[in-house]
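Asker: After the sequence you'll find the predicted model.
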Amino acid sequence: MAIKFCDQQMLDQFAKIQYIADYIKQKQEEIDSYNAANQVDQVSLVNGRL
């Protein structure tokens, strides 16, 4: 068994699942807000939250 982080393609697929769609949307809004408030440079994946 392996664990990996979700990429955008995976999140798009999971967002189609009724039971978790709202959760994914809420978390993405939270992350976007955090990154904007902290002026995160998203050029590198290690900066900020994804």
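Answerer: Noted; the coordinates are in hand.
Asker: in this protein, which spans are strands?
Answerer: For the chain, no strands are identified by DSSP state E.
Asker: How far away from the center of its chain is the longest helix along it?
Answerer: In the chain, assigned by DSSP state H, the helix with the most residues is helix 18-37. Remark: helix 18-37 is offset 7 Å from the chain centroid, using Cα atoms, centre = their mean, to the nearest Å.
Asker: Report the rounded mean pLDDT for it.
Answerer: Helix 18-37 shows a mean pLDDT of 92 in the predicted model.
Asker: Tell me the buried residues in it?
Answerer: 24, 35 (16 or more other Cβ atoms under 10 Å). (Glycine included, C-beta is placed from N, CA and C.)
Asker: Please write out the alpha-carbon positions of that helix in CSV.
Answerer: The C-alpha coordinates for helix 18-37 follow below in CSV (Å, rounded to 0.1, in the frame of the first residue of the first chain):
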residue,chain,number,x,y,z
GLN,A,18,-21.2,13.8,-3.9
TYR,A,19,-20.2,12.9,-0.4
ILE,A,20,-16.9,14.7,-0.4
ALA,A,21,-17.4,17.4,-3.0
ASP,A,22,-18.3,20.1,-0.5
TYR,A,23,-15.3,19.2,1.7
ILE,A,24,-12.9,19.4,-1.2
LYS,A,25,-14.4,22.8,-2.3
GLN,A,26,-14.1,24.2,1.3
LYS,A,27,-10.5,23.0,1.7
GLN,A,28,-9.5,24.4,-1.6
GLU,A,29,-11.0,27.8,-0.7
GLU,A,30,-9.2,27.7,2.7
ILE,A,31,-5.9,26.9,1.0
ASP,A,32,-6.3,29.6,-1.6
SER,A,33,-7.2,32.2,1.1
TYR,A,34,-4.2,31.2,3.2
ASN,A,35,-1.8,31.5,0.2
ALA,A,36,-3.2,34.9,-0.8
ALA,A,37,-3.1,36.3,2.8
